[in-house]
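Student: Any chance you could fold what I've pasted below:
(one chain, ligands or ions: 1)
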Amino acid sequence: MAALNIKVEEDKSLPQAKKVKIDKSYGLLDQRVKISGWIHRMRSNKKVVFIVLRDGTGYIQTVLSGDLALAQQTLDLTLESTVTLYGTIVSVPEGKSAPGGVELVVDYYEVVGLAPSGDEAITNKIAEGADPSLLLDQRHLALRGETLSAVMKVRASLLKAIRRVYIEEDITEVTPPCMVQTQVEGGSTLFKLDYYGEEAYLTQSSQLYLETCLPALGDVYCIQESFRAEKSHTRRHLSEYTHIEAELAFIDFNDLLQHIETLIVKSIQYVLEDPIAGPLVKQLNPGFVAPKGPFMRLEYKDAITWLQEHGIKNEEGNDFQFGDDIAEAAERKMTDTIGVPILLIRFPVEIKSFYMKRCSDDPRVTESVDVLMPTVGEITGGSMRIESTEELMAGFTREGIDSKAYYWFIDQRKYGTCPHGGYGLGTERILAWLCDRFTVRDCSLYPRFSGRCKP
Ligand code: 4AD
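Tutor: Purely as a prediction, here's the structure:
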């Protein structure tokens, strides 16, 4: 039936087409529009070709019939080719469903760029069920898929929601440097670099810089990449991740915990209310229950008792003891069993960072918190900070850190110290929980982890 001589030509007597993006076309019933995008799906019977077009704002079902369906140009179309379709928006027939409840009845179209067929066809590049590392090599193409692109849309909405909460709370955004000469969370995960002959690192956390902003700007936050040379492959560790961090002045530990709860509860609420991201979360994670404050508060010492009572062992295979780090597997078992968001608080000094303030009623432990979520475990780490220079110096000594490079951070205590605290949230970890992804790798645009720095 293919007719090489059938030309795809525009009937100039038709009304002029209005150029629109797909999401805006759903409301333009009976109007002639012009939509550009990528061919996401395509099928045909003898007389009609159905194309699902994608442009990043949504999907639209389109129909080509008559000469348009028979033309060789149409038979040559391939998935991922780009086209500009002209036609009229109509409601889908009763009983049928389609994105936006509409269909585009095409009367003319132009090919912008034809994608390859055969061995080079997109379906061979990102075949379903392919080895994850092959899919990661083709990340630039895999991102076009419905699931990954949905997670990225939710990610954009989450970052917008987080900023909205910070604006509501009158917290100022700053952009600290990523190239630094100080560590925050331990030397073993530092990425070193040669900085014009001096040793420097990619930042592990912007916390120390945020602390210096308090006297200048008041409460501050940043949304910045952090870098960790994590050696082990786990489902929740990346070498580069988007770190949401804030620092608040003249607060106490309880204020800090309440603030963290508010940020999480409100930002998730805003994502769920978002007309684009809300339905995507439902699609990705149908069972998701929005968290409500106040969260359960669990002291580290009581968590140790809980782990002992539930027969969960530490990394050496022994019963947990006070002072043990609660590593990923045990933490997740506990969180999944309890099944609700947990603020795990008051960790021992020895297993936490040099800057954390001790509890006044028990100097063995710190005013520290990890937020644990079912299915992923820790999504946030925070604490009150040491206020006195002497105590801070003792922290450096305990951790074997040369304090010279930290003079500017120490000055913070010298020139007008104040009670203050802050926290960091891992964007990819919140998303793994919100979108029900097995690994944080699915929540990063181009994930970096040991052995992977491309594309
Ligand atoms: O608990 P962390 O190491 O805390 C800090 O960096 C503090 N200095 C933050 C602060 O108080 N301003 O990291 C905070 C959060 C973790 O709870 C986790 O969500 C995320 O950052 N995170 C990672 N996410 C992905 N890959 C990694 N390798 C991560 N390491 C930490």
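
Student: got a list of what the closest residue in space to residue 341 that isn't next to it in sequence touches?
Tutor: Distance criterion CB to CB, 6 or more residues apart in numbering; nearest residue to residue 341, sequence neighbours excluded, is residue 295 at 4.6 Å. C-beta here means a position set from N, CA and C on the backbone, and glycine is covered the same way. Remark: with contacts taken as CB atoms under 8 Å, 6 or more residues apart in numbering, residue 295 is in contact with 261, 340-343, 371.

Student: What about the residues you listed, which are in strands?
Tutor: Judged by DSSP state E, the subset of the contacts of residue 295 located in strands is 342-343, 371.

Student: quick one: which of these is nearest to the ligand?
Tutor: Looking at these and their distance to the ligand, the nearest is residue 371, at 7.3 Å (CB to the nearest ligand atom).

Student: wait, that closest one sits on residue 343?
Tutor: Yes - with contact taken as CB atoms under 8 Å, residue 371 and residue 343 are classed as touching, separated by 6.0 Å.

Student: Of the ones in strands among the contacts of residue 295 - the most surrounded one?
Tutor: Highest neighbour count within these: residue 371, with 26 neighbours (other CB atoms under 10 Å).

Student: What about residue 449? Give its phi and psi, please.
Tutor: When read as degrees, to the nearest 10, the backbone of residue 449 gives phi -150, psi 170.

Student: The closest residue in space to residue 444 that isn't next to it in sequence: what secondary structure?
Tutor: Take residue 444 and drop its neighbours on the chain: the residue closest to it by CB to CB, 6+ apart is residue 428, 5.2 Å away. Secondary structure assignment for residue 428 (DSSP: H, G, I helix; E, B strand; the rest coil): helix.

Student: Wait, a helix at residue 149?
Tutor: Yes - when three-state DSSP is applied, residue 149 is found to be in a helix.

Student: if I look at it, how far off is the ligand?
Tutor: Using CB to the nearest ligand atom, to the nearest Å, we find residue 149 at a distance of 21 Å from the ligand.

Student: can you check residue 171 too?
Tutor: As it turns out, when the distance is counted by CB to the nearest ligand atom, residue 171 lies 13 Å from the ligand.

Student: on that earlier part again, reformat the ones in strands among the contacts of residue 295 into CSV and put distance to residue 223 and pLDDT next to each item.
Tutor: As requested, those are exported to CSV (distance: CB to CB, whole Å; pLDDT from 0 to 100):
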residue, distance to residue 223, pLDDT
342, 24, 98
343, 22, 98
371, 17, 98
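
Student: can the residues you listed go into TSV with extra columns for distance to residue 134?
Tutor: Compiled in TSV, these are given as follows (distance: CB to CB, whole Å):
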residue	distance to residue 134
342	37
343	40
371	35
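
Student: ok, these vs residue 37, which is closest?
Tutor: Distances from the ones in strands among the contacts of residue 295 to residue 37 were compared by CB to CB; the smallest belongs to residue 371, at 39.7 Å.

Student: beta partners of that closest one?
Tutor: Applying DSSP bridges to residue 371 gives these bridge partners: residue 343, residue 380.

Student: Report pLDDT for residue 2.
Tutor: What the model reports for residue 2 is a pLDDT of 53.

Student: hmm, which two among the contacts of residue 295 are most spread apart?
Tutor: Considering CB to CB, no two members of these lie farther apart than 261 and 340, which are separated by 12.5 Å.

Student: quick one: which of these two has more around it?
Tutor: residue 261 (19 against 13).

Student: How about that one: what's its closest non-neighbour residue?
Tutor: residue 293 (4.2 Å).

Student: Tell me how many other residues crowd that neighbour.
Tutor: Counted with other CB under 10 Å, residues neighbouring residue 293 total 14.

Student: what does this protein put close to the ligand?
Tutor: Proximity of the chain to the ligand, by CB under 6 Å from any ligand atom, involves residues 184-185, 205, 207, 228, 230, 237-238, 241, 243, 245, 378-382, 422-426, 428-429, 440.

Student: Go through the residues you listed and flag which are in strands.
Tutor: Taking DSSP E, the ones among the residues of the chain next to the ligand that sit in strands are 241, 243, 245, 378-382, 422-426.

Student: out of the residues you listed, who has the most neighbours?
Tutor: When those are compared by neighbour count (other CB under 10 Å), residue 382 ends up highest, at 28 neighbours.

Student: Spit out the residues that contact residue 371 and residue 343 alike.
Tutor: Overlap between the contact sets of residue 371 and residue 343, as judged by CB under 8 Å, 6+ apart, is given by 260, 295.

Student: Skip the chain neighbours and tell me the closest residue to residue 214.
Tutor: Nearest residue to residue 214 in three dimensions, chain neighbours excluded: residue 249, at 4.4 Å (CB to CB, 6+ apart).

Student: Surely that neighbour and residue 220 touch.
Tutor: No - under the criterion of CB under 8 Å, residue 249 is not in contact with residue 220, lying 9.1 Å apart.

Student: Can you name the element that comes right after the host helix or strand of residue 37?
Tutor: If you go by DSSP states H and E, residue 37 is part of strand 32-44. Beyond strand 32-44 in the direction of the C-terminus, DSSP H and E gives the next helix or strand as strand 49-54.

Student: Check the offset of that following strand from the chain's centre.
Tutor: Taking CA atoms, centre = their mean, to the nearest Å, one finds strand 49-54 lying 29 Å from the centre of the chain it belongs to.

Student: moving C-terminal of that strand, what's the next helix or strand?
Tutor: Once the chain leaves strand 49-54, the next helix or strand it forms, by DSSP H and E, is strand 59-64.

Student: could I get that following strand in PDB with only the CA atoms?
Tutor: Listed next in PDB are the C-alpha coordinates belonging to strand 59-64 (Å, rounded to 0.1, in the frame of the first residue of the first chain):
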ATOM      1  CA  TYR A  59       2.600  13.000  26.200                       C
ATOM      2  CA  ILE A  60      -0.100  13.300  23.500                       C
ATOM      3  CA  GLN A  61      -1.700  10.600  21.400                       C
ATOM      4  CA  THR A  62      -1.900  11.500  17.700                       C
ATOM      5  CA  VAL A  63      -3.500  10.000  14.700                       C
ATOM      6  CA  LEU A  64      -2.500  10.000  11.100                       C
END
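
Student: how far off strand 49-54 does that strand point, in degrees?
Tutor: Comparing the axes of strand 59-64 and strand 49-54 via axes from the mean of the first three to the mean of the last three CA atoms, to 10 degrees yields an angle of 150 degrees.

Student: returning to that earlier point: residues contacting the residue nearest to residue 214?
Tutor: Taking CB under 8 Å, 6+ apart as the test, what residue 249 contacts is 214-215, 218-219, 418-420.

Student: swap the cut-off to 10 Å and go again
Tutor: For residue 249, the contacting residues are 211, 213-215, 217-220, 418-422, taking CB atoms under 10 Å, 6 or more residues apart in numbering as the criterion.

Student: Same list (those residues) but as CSV, adding pLDDT.
Tutor: Written out in CSV, the entries for the contacts of residue 249 read as follows (pLDDT from 0 to 100):
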residue, pLDDT
211, 98
213, 98
214, 98
215, 98
217, 98
218, 98
219, 98
220, 99
418, 98
419, 98
420, 98
421, 98
422, 98
